[in-house]
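*Asks:* Just to be clear, the model below is a prediction. Sequence and coordinates:
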Amino acid sequence: MTAQLIDGNALSKQLRAQVAERAAALRARGVIPGLAVILVGENPASQVYVRNKVKACEDSGLYSVLEKHPADLSEAALLARVEALNNDPAIHGILVQLPLPAHIDAQKVIEAIAPAKDVDGFHVASAGALMTGSSGFWPCTPNGCMKMLESIHYDLRGKHAVVIGRSNIVGKPMALMLLQKNATVTLCHSATHNLKAMTLQADVIVAAVGKRNVLTADMVKPGAVVIDVGMNRNDEGKLCGDVDFDGVKEVAGYITPVPGGVGPMTITMLLVNTLEAAERC
Ligand code: GUN
């Protein structure tokens, strides 16, 4: 292995210790940072994610409530719950776990969250703030990737960053964050011709597609930084990312593992956003 690992667990531990310290300082002022997590239905992956988010809050001294609703909850009832949480002074951050059941318009629900409590950073006001460089919450996963780059003191100025995947949650905000740090950014997606020709030019590659082996060793310039946002299962049912880790680690300069890479950083940035929402009160 030539690449150095960027250890998301170790970095998360450091950042969560800082969150716990800042949460304790807020508590001393009588403010307990509070996160409300809403889960609708019984998606097994979502159940694991929300459990991990609530546990991370407890571990860092944040207050959290988990609201579980049946899959047939009406859109109007969900909007009413969001509105109640918008007006609840004990709650500083609201997270509605996605995906929502098909009868609910997810975007409508996200837009109902008060931007000041939008710790997921999914509201159009948050997206607009990121795009224009004004203050607002940044989506947790790409923000966690930026923290990983910061942790290796990587200077993005003038570097070529290639993002694979154009989702609103990861790919698009990732491209904007890299751009804000003065990288030259290429955003690739399913209609991109010759992905390999793009990635071979990259100093930094962020793979956020949700498909195994999107990035293989022959697609990576020696020494490049490779960040793997994917969360997939291989044929043996083992967790794996979008990157062929075993091959790419022989070519890249830095690489994030799955598990133990971007995953823990996503939750860490949720804690940071919730804390900041409380600090702004
Ligand atoms: N579903 C998968 N990832 C996320 C996330 O980061 N936030 C929310 N709300 N739902 C998700």
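*Replies:* In hand now; what should we look at?
*Asks:* At the contact with the ligand, which residues of the stretch 151-281 of the chain appear?
*Replies:* When proximity is defined as Cβ under 6 Å from any ligand atom, the stretch 151-281 of the chain approaches the ligand at Thr266. All C-beta spots, glycine's among them, are computed from the backbone N, C-alpha and C.
*Asks:* how about the strands in the stretch 151-281 of the chain?
*Replies:* According to DSSP state E, counting those that start in this stretch, the stretch 151-281 of the chain carries its strands in the segments 160-164, 184-188, 204-207, 225-228, 232-233, 239-240, 254-255.
*Asks:* Turn those into CSV, columns for mean pLDDT, distance to Thr266 and mean neighbour count.
*Replies:* Shown next, in CSV, are those (pLDDT from 0 to 100; distance: least, Cβ to Cβ, whole Å; neighbours: other Cβ atoms under 10 Å):
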stretch, mean pLDDT, distance to Thr266, mean neighbour count
strand 160-164, 99, 16, 26
strand 184-188, 98, 20, 20
strand 204-207, 99, 13, 28
strand 225-228, 98, 12, 27
strand 232-233, 95, 16, 13
strand 239-240, 96, 14, 16
strand 254-255, 98, 18, 24
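*Asks:* residue contacts, Ile91?
*Replies:* Gly34, Leu35, Ala36, Val65, Leu85, Lys117 (Cβ atoms under 8 Å, 6 or more residues apart in numbering).
*Asks:* again with Glu279
*Replies:* Per Cβ under 8 Å, 6+ apart, neighbours of Glu279: Arg22, Leu26, Pro33.
*Asks:* quick one: which of these is most hemmed in?
*Replies:* With neighbours taken as other Cβ atoms under 10 Å, the top of the contacts of Glu279 is Pro33, carrying 27 neighbours.
*Asks:* For that one, give me the backbone phi and psi.
*Replies:* Backbone torsions for Pro33, taken as degrees, to the nearest 10, come to phi -60, psi 130.
*Asks:* got a list of what it touches?
*Replies:* Ala23, Leu26, Gly61, Leu62, Tyr63, His92, Gly93, Thr274, Leu275, Ala277, Ala278, Glu279.
*Asks:* can we see that at 7 Å?
*Replies:* Pro33 makes contact with Ala23, Leu26, Leu62, Tyr63, His92, Thr274, Leu275, Ala278, according to Cβ atoms under 7 Å, 6 or more residues apart in numbering.
*Asks:* what's the answer for Ala125, then?
*Replies:* Taking Cβ under 7 Å, 6+ apart as the contact definition, Ala125 lies against Pro115, Gly136.
*Asks:* make it 10 Å
*Replies:* Each residue near Ala125 by Cβ atoms under 10 Å, 6 or more residues apart in numbering is listed here: Glu111, Ile113, Ala114, Pro115, Ala116, Asp118, Ser134, Gly136, Phe137.
*Asks:* Considering the residues you listed, which possesses the most neighbours?
*Replies:* For the contacts of Ala125, counting by other Cβ under 10 Å, the largest number of neighbours falls to Phe137: 28 neighbours.
*Asks:* before we move on, the earlier item: selecting buried members of the contacts of Pro33 in ChimeraX, what would you type?
*Replies:* Buried members of those, identified by 16 or more other Cβ atoms under 10 Å, are gathered into one ChimeraX selection as follows:
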select :23,26,62,63,92,274,275,278
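*Asks:* Which one of the residues in the stretch 51-200 of the chain is closest to the ligand?
*Replies:* Closest residue of the stretch 51-200 of the chain to the ligand, Cβ to the nearest ligand atom: Leu98 (3.7 Å).
*Asks:* where does the closest residue to that residue other than its chain neighbours fall, phi/psi-wise?
*Replies:* Leaving aside its chain neighbours, Leu98 sits nearest to Ala106 (6.0 Å; criterion: Cβ to Cβ, 6 or more residues apart in numbering). Ala106 adopts backbone torsions of phi -60, psi -40, taken as degrees, to the nearest 10.
*Asks:* these two touch, right, Ala106 and Val96?
*Replies:* Yes - counting by Cβ atoms under 10 Å, Val96 is a contact partner of Ala106 at 7.8 Å.
*Asks:* tell me, what's touching the two both at once?
*Replies:* Leu78, Phe122.
*Asks:* When the two are compared, which one has more neighbours?
*Replies:* Higher neighbour count among Ala106 and Val96: Val96, with 23 against 16, using other Cβ under 10 Å.
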